[in-house]
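Asker: Starting from these lines, generate the structure:
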Amino acid sequence: MRIQGNTIVITGGGSGIGLAMAKAFLEAGNTVIICGRRESLLKDVQRVFPRLHIRACDVSVKAQREALFASITAEFPDVNILINNAGVQKETDFTKGAPELYDGESEIEINLVGCIHLCALFVPHFHSIRRNCAVVNITSGLAFVPLKIVPVYCATKAALHSFSMSLRSQLSGTNIKVFEIVPPIVKTELHREAKARKQAERGIEPERVASEALDAIAKDKFEKAVGQGRDLMIAARIAPHFVHRLLNKIGD
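Answerer: Numbers count the residues shown, from 1 in each chain. Got it, this is the predicted structure:
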């Protein structure tokens, strides 16, 4: 697929992997719209990269997802790539009742429901514009070997992996390609709590994920695991229980 001359919307584009991908696509010669919950952050990014377009949107809210779609397709009717990158990760201890599930920042809504709904909105539009289009879902190596301190995050990424496979099958033979990018631990704002932040110190830079993602899209590699993300995918097929125990022992 061509990685120049596209019009691309990236959720969670104000920092981390989303921002790294936005910069890479800008440099490659694309129109890029980033969206996120913090409008002040988006404006700060736009001051550094004036060619970026910004939209404030909380993808966990259905009405805001619909408003985002309406706004983008009205101003950019040739939009042809959706990158579902927005995500949140929480340490959730179910022995304590998991109050994190109800604190107003839902991993399930942001990481999974929002992605599926945005696909439901954008895919029919992509069909109508009759050019090469793509959906790019950012999952995680933890979709294949879950880490017990972030169980809901792992479950949402595993579900998004499954959804990506099904969507790719549904859209085979159409003008829409479905990519899945599988990063390892990355140095981003995703890791809010102490244990996850400590692990993130060993993570790779988001620019590496962006670089490998663009290369995969250019070469039509529909499932691309980066770094240790690939190791986890392979290990999950060979010795899933052993690798799960080992990963969680390291996590402890």
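Asker: As a check, name the ranges of all helices in this structure.
Answerer: 16-27, 39-48, 62-75, 107-108, 114-129, 151-170, 194-200, 206-218, 228-238, 240-251 (DSSP state H).
Asker: export these to a markdown table and tack on mean neighbour count and distance to L142?
Answerer: Backbone N, C-alpha and C define where each C-beta goes, glycine included. Formatted as a markdown table, the helices of the chain follow (neighbours: other C-beta atoms under 10 Å; distance: least, C-beta to C-beta, whole Å):
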| stretch | mean neighbour count | distance to L142 |
| --- | --- | --- |
| helix 16-27 | 23 | 14 |
| helix 39-48 | 14 | 25 |
| helix 62-75 | 15 | 24 |
| helix 107-108 | 20 | 12 |
| helix 114-129 | 18 | 16 |
| helix 151-170 | 19 | 5 |
| helix 194-200 | 14 | 10 |
| helix 206-218 | 20 | 14 |
| helix 228-238 | 16 | 7 |
| helix 240-251 | 13 | 9 |
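Asker: Kindly reformat those helices as a markdown table containing distance to S140.
Answerer: What follows is the helices of the chain, written out as a markdown table (distance: least, C-beta to C-beta, whole Å):
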| stretch | distance to S140 |
| --- | --- |
| helix 16-27 | 10 |
| helix 39-48 | 22 |
| helix 62-75 | 22 |
| helix 107-108 | 12 |
| helix 114-129 | 13 |
| helix 151-170 | 4 |
| helix 194-200 | 12 |
| helix 206-218 | 11 |
| helix 228-238 | 7 |
| helix 240-251 | 13 |
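Asker: Tell me which of these sits nearest to V9.
Answerer: Taking C-beta to C-beta, helix 62-75 is the member of the helices of the chain nearest to V9, at 5.6 Å.
Asker: Other residues contacting that closest one?
Answerer: For helix 62-75, the surrounding residues in contact (C-beta atoms under 8 Å, 6 or more residues apart in numbering) are 9, 33, 35, 55, 57-59, 79, 114, 117-118, 121-122, 125.
Asker: In TSV, list the residues you listed along with distance to G227 and pLDDT.
Answerer: Formatted as TSV, the contacts of helix 62-75 follow (distance: C-beta to C-beta, whole Å; pLDDT from 0 to 100):
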residue	distance to G227	pLDDT
V9	26	98
I33	28	98
C35	27	97
R55	30	97
C57	30	96
D58	30	96
V59	26	96
V79	30	98
G114	26	97
H117	30	98
L118	27	98
L121	32	98
F122	29	98
H125	33	98
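Asker: Show me which pair in these is furthest apart.
Answerer: Farthest apart among these by C-beta to C-beta are D58 and H125. That separation is 21.2 Å.
Asker: which residues sit in contact with the nearest residue to V145 once chain neighbours are set aside?
Answerer: Closest residue in space to V145, ignoring its immediate chain neighbours: L232 at 4.7 Å, by C-beta to C-beta, 6 or more residues apart in numbering. Shown in contact with L232 (C-beta under 8 Å, 6+ apart): G141, L142, F144, V145, P184, A225, V243, L247.
Asker: ok, now which ones touch the fourth one?
Answerer: Same thing as V145. Neighbour list for V145: L232, A235, A236, P240, V243, H244, L247 [criterion: C-beta under 8 Å, 6+ apart].
Asker: measure it to L247 for me?
Answerer: V145 is 5 Å from L247, where distance means C-beta to C-beta, to the nearest Å.
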